[in-house]
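Peer 1: Need a 3D model of the following:
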Amino acid sequence: MNITKTKKIVFSLIAIFIFIVLAESISYIIIGKYSNTSGNPYHPYLGWKVLGNSTLRSGTHCQNMETATTGMINADSDGNSITPLEYAEPDVQIVITGGSTMFGIGSTDNSTTVSSWLERIIVDKLGIKAEVHNLGVSGYQSFTEMLTLHRFFKYKKADFVLAISGRNDSQYAFDEQDVRSASLINSVWEKAWFINQLEGRDNPFRVGFSLFVSYLRAYSYSAQLIDKALHFVRLRYSTKNQHEALKGKVIEDVEHYRGNLFDNIPQRATITSSNYAIMNTIASENNAKFMMVLQPTTFTKKHLTNAERICSESRVHGPSRMSNNLLKRYEEEFYIFFRSLKKSYTFYDHSKIMDNEKEAAYIDMAHYNDLGALRVAEAAYSILEPQLKKFKR
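Peer 2: Numbers count the residues shown, from 1 in each chain. Alright, predicted model coming up:
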């Protein structure tokens, strides 16, 4: 009798072990195929960063977009998107900061990101050994770009710094009216909530539960898959009101909400410009030339292809794909006010560089495909070329 019970226990444990192994293996395969396994770990002052030596899927944020490219972007040990060329003694070093568009979301692989295209163009046209450091991270805006640049110069050097961005500042100002999100966005700041609660000895049950869930997500592919699936279902099938609560105001009637929603643009655009001014100071103190480049989006492109229009006109989530009309108007007015500000740094407006592009340059409302990344790199080269000639040997 005891032997039978022992066998049952042993078989049960073996069955549980096999089940866990299968569940973890299947979850790993599913996440690897349709999502990213590495994620973006929390960072104490940057908010979050790319995991070192990781590989991230480069795909569209537009659901069911048939023409979207999907590739893989590799990060180095520092979590930076890798650029192909590296020299023991480069002639010139360039830093590019920005969000996911600069990191390379939308590109086929590391060789076709904006940074990599720029690196290759300089070498091919000028014969200069150029090394471009890609500091772009998905979701970064001017504040986190500024911190990233400050961190970079602590242990490396560069001759030029290009902040090719602006779109994320506009997006966050639209989504999160709380001015504090101009620093670390609210969704990222909330990741530190349970740490604050823990140190304050408040809500021990909720803190413990949050830590337990975070631990599961970090070490279990099955838990990570369940979390991703629930998040997808919650956004994909949410009602309009539920979606607004999750992702900010997404309203179809532009004029009705024009009055109060747009009122924060002067303050937020001014904060954005101040962050770039600080980046200019950081670069100058490290003997580098800083340039801010206002990036193009589908909202700034004069003529969209049918493929581009699909995702430019509507938000990703929700059963009826809510209108992007308000977001487009907000970005337009944010850009207009930002352009009008007096700047202490070198500024280039590249928001219209895609106007004459007849082929699809975007995979969604902001991310470039390989062609789009090439066009952005070519425009960046055009402003660098006169200054690069002095580096020719």
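Peer 1: Identify the residues contacting the closest residue to D349 other than its chain neighbours.
Peer 2: Closest residue to D349 apart from its sequence neighbours, by CB to CB, 6 or more residues apart in numbering: L294 at 4.9 Å. Quick note: C-beta positions are derived from backbone N, CA and C, even for glycine. By CB atoms under 8 Å, 6 or more residues apart in numbering, L294 lies in contact with S165, G166, Y335, F338, R339, F347, Y348, D349, H350, S351.
Peer 1: tally of neighbours for the nearest residue to H43 once chain neighbours are set aside?
Peer 2: Of all residues not flanking H43 in the chain, K49 sits nearest, at 4.6 Å (CB to CB, 6+ apart). Neighbourhood size, K49 [other CB atoms under 10 Å]: 19.
Peer 1: quick one: least confident helix or strand in the protein?
Peer 2: Across the helices and strands of the chain, mean confidence by mean pLDDT, DSSP states H and E is lowest for helix 240-247: a mean of 48.
Peer 1: Retrieve the pLDDT associated with the residue nearest the centre of the chain.
Peer 2: Of all residues in the chain, the one closest to the mean position by CA atoms, centre = their mean is S138, 1.6 Å from it. Listed pLDDT for S138 reads 92.
Peer 1: And the helices in the stretch 51-200 of the chain, which stretches?
Peer 2: Using DSSP state H, counting those that start in this stretch, the helices of the stretch 51-200 of the chain run over 100-103, 114-126, 142-152, 167-175, 186-189, 193-199.
Peer 1: so what does the second one touch, helix or strand wise?
Peer 2: The contact analysis (3 or more CB pairs under 8 Å, 6 or more residues apart in numbering; DSSP states H and E) places helix 114-126 against strand 92-97, helix 100-103, strand 130-134, helix 370-388.
Peer 1: Including distance to T112, could these go into CSV?
Peer 2: CSV is the format used below for the helices and strands packed on helix 114-126 (distance: least, CB to CB, whole Å):
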stretch, distance to T112
strand 92-97, 14
helix 100-103, 13
strand 130-134, 12
helix 370-388, 4
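Peer 1: which regions of the stretch 201-350 of the chain lie under the pLDDT threshold?
Peer 2: Confidence mapping of the stretch 201-350 of the chain against pLDDT under 70 gives the ranges 232, 234-259, 314-323.
Peer 1: If we use 90, what do you get?
Peer 2: Counting by pLDDT under 90, the stretch 201-350 of the chain contains low-confidence ranges at 201-221, 223-261, 306-329.
Peer 1: mind listing the helices for it?
Peer 2: Using DSSP H, counting those that start in this stretch, helices in the stretch 201-350 of the chain cover 204-219, 221-236, 240-247, 254-261, 265-285, 306-312, 325-340.
Peer 1: Buried residues, the fifth one. List them.
Peer 2: Translated: helix 265-285. 265, 268-269, 271-280, 282-283 (16 or more other CB atoms under 10 Å).
Peer 1: Could you do the first one as well?
Peer 2: Of all the residues in helix 204-219, those buried under the rule 16+ other CB under 10 Å are V207, S210, R217.
Peer 1: Out of the residues you listed, which comes closest to I94?
Peer 2: Minimum distance to I94 across these is 36.5 Å, recorded for R217 (CB to CB).
Peer 1: Distance check, that closest one against K352.
Peer 2: Distance check for R217 against K352: by CB to CB, to the nearest Å, it reads 42 Å.
Peer 1: Chain neighbours aside, what residue packs nearest to R268?
Peer 2: Nearest non-adjacent residue to R268, counting by CB to CB, 6+ apart: A173, 3.8 Å away.
Peer 1: That neighbour and L327, how far apart?
Peer 2: A173 is 11 Å from L327, by CB to CB.
Peer 1: cool, and S284?
Peer 2: Taken as CB to CB, the span from S284 to L327 is 35 Å.
Peer 1: Could you do H231 as well?
Peer 2: H231 is 21 Å from L327, by CB to CB.
Peer 1: out of these two, which sits in the more crowded spot?
Peer 2: Neighbour tally, H231 and L327, criterion other CB under 10 Å: the higher count belongs to L327, 23 against 11.
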